[in-house]
Every structure is written in C-alpha cells, then in structure tokens.
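>>> Fold the following and give me the result.
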Amino acid sequence: MHQKKLSMPTPEEALPGRQEAMPVPAEHYVLKTPLTGPFPGHLQQAMFGLGCFWGAERKLWQQPGIYTTAVGYAGGLTANPTYQEVCTGLTGHNEVVLVVFDPTQISYQQLLSLFWQVHNPTQGMRQGGDVGTQYRSGIYTFNNEQQQQAEHSKALYQQRLSEAGYGAITTEILPAPQFYYAEEYHQQYLAKNPDGYCGLGGTGVSCIL
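This is a model prediction of the structure:
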C-alpha cells in the first residue's frame, strides 16, 4: 500500500465516490465570508496544492486581499471523495486550497511567490514527512494568463533552486479540475485547532517575481 500511494491510480483502480456533495459551512471561520460561490464578479480564483492543506490554507487566508479560502480535493478520479478515501491513494486527488482573492489588493503573481516559498516543490509525491499522492505540489489555473504566469514563475524559481543545490521541481501545472470541498472539520482547521499539526516548510530560497 505504501508504494501504491506514490503513484496515481488507474481509472480501473480508482474508488467510485458518490453523487452527493460534501456539506460545508456557510461562512469562513476566520474571514466570515461565504465558502461557496457564486462569488462577487470582481474577484478571481486560484487553486494550489502544497502538502497538508491545513497549513497551506492558513498561509493563504492570512494574506491581504483574500476574500475566502477553502480546502478540498482535486486532480483525481473519484467524485465527492471523503478524506479517508483520499488517504488510501486510490482517488488520485491532491489536497488543495481554493483561494478567492481581490486582484486590486493582491496579485496572482504574489500568490505564486508565496506558493513557491512556503513549501518544497522538488519532493514529488510527498511534502516533508507527509507521503502520498495527496501531498504533491500543484498549481491549478483558471485561465491562460494564470497558466502562463505559473509556467514562467516555475522556470524562474527552478533557476534559483538549482543555484542553491536543489533538484528538479515536480510541481504539476494544469487547468483547474473539479474542486470537491473537504469535510467541515478540515475547513480552517488551524484556526479551530491552533496547536494542530502543520508540516509546511519551505526551502529557504526566496522567490520574488
């Protein structure tokens, strides 16, 4: 099973999931804004995977210009998965954070800088001590402009990481897949449990885009 968790499941292996969507809270525990859309038209969305989503979400909601954040599952094959199913490695999903932001207060480029700096994007199917496909590094883009900015930032950061002795970036950069909200207790987990686990750790290599 441990080895299986390091590779993506085939469609035949993937768990079937369910039609029912996960019930989620009406509002963000910290920001007091809606967790689900439709969101105000002047806002934009971003989606990132950078290891355990508890610490990743906290890093993001703390930034200025963030309207709301939510944790969930994306990039896999199973519809409306549970956390327990994702942990088997048989859904193909990544633990991700959906970010809704005001581009007049924080740019997508600034979010990318934060993304690269707060985790180690060279570790493949793990992040620190968290091992498995659900902990892979990923940027999931909502339009061509985001895709181009993400690819450009990856190339720039790869150069800086290489100069610092790190290996190749393993981050996947893909058009945003279906986002499935995680269970209520995962949403803003570290605000509800301040002493909770956070395995997030960067390389110490700066990324100013």
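>>> Leaving out the residues flanking it, which one is nearest to Gln158?
Of all residues not flanking Gln158 in the chain, Ile169 sits nearest, at 5.1 Å (Cβ to Cβ, 6 or more residues apart in numbering). In this view, the C-beta of every residue, glycine as well, is placed from N, C-alpha and C.
>>> Can you give me the neighbour number for that neighbour?
19 (other Cβ atoms under 10 Å).
>>> For it, what is the enclosing helix or strand?
Ile169 belongs to no helix or strand when assigned by DSSP states H and E.
>>> Pretty sure Gly74 sits against Tyr181.
Not Gly; residue 74 is Ala. No: at 10.3 Å, Ala74 and Tyr181 do not qualify as touching, with contact defined as Cβ atoms under 8 Å.
>>> thought the residue nearest to Gln158 was touching Gln159?
No: judged on Cβ under 8 Å, Ile169 makes no contact with Gln159 at a distance of 10.3 Å.
>>> can you give me the strands in this protein?
With DSSP state E as the criterion, the chain has strands at 44-50, 66-74, 94-101, 126-127, 130-131, 137-141, 172-175, 180-181.
>>> How much space separates the residue nearest to Gln158 from Glu163?
For Ile169, the distance to Glu163 (Cβ to Cβ, to the nearest Å) stands at 13 Å.
>>> Let me know the distance separating Phe39 from Asp102.
Counting by Cβ to Cβ - Phe39 and Asp102 are separated by 10 Å.
>>> Name the residues contacting each of these two.
Residues touching both Phe39 and Asp102 (Cβ atoms under 8 Å, 6 or more residues apart in numbering): Tyr67.
>>> before we move on, back to that, okay if I get the strands of the chain as a markdown table plus mean neighbour count, distance to Pro34 and mean pLDDT?
Shown next, in a markdown table, are those (neighbours: other Cβ atoms under 10 Å; distance: least, Cβ to Cβ, whole Å; pLDDT from 0 to 100):
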| stretch | mean neighbour count | distance to Pro34 | mean pLDDT |
| --- | --- | --- | --- |
| strand 44-50 | 24 | 13 | 98 |
| strand 66-74 | 24 | 6 | 98 |
| strand 94-101 | 26 | 9 | 98 |
| strand 126-127 | 23 | 29 | 94 |
| strand 130-131 | 16 | 29 | 94 |
| strand 137-141 | 24 | 21 | 98 |
| strand 172-175 | 14 | 24 | 98 |
| strand 180-181 | 20 | 12 | 98 |
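>>> mind putting these in CSV, distance to Met8 included?
As requested, those are arranged in CSV below (distance: least, Cβ to Cβ, whole Å):
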stretch, distance to Met8
strand 44-50, 13
strand 66-74, 13
strand 94-101, 10
strand 126-127, 14
strand 130-131, 14
strand 137-141, 12
strand 172-175, 10
strand 180-181, 17
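>>> For Pro194, find the nearest of the ones you listed.
Distances from Pro194 to each of those were compared by Cβ to Cβ, and the smallest falls on strand 66-74, at 16.6 Å.
>>> which ones are touching the nearest residue to Phe39 once chain neighbours are set aside?
Excluding its sequence neighbours, the residue lying closest to Phe39 (Cβ to Cβ, 6+ apart) is Val100, at 5.2 Å. Residues near Val100 by Cβ under 8 Å, 6+ apart: Gly37, Phe39, Leu43, Gln44, Gln45, Ile66, Tyr67, Thr68, Thr69.
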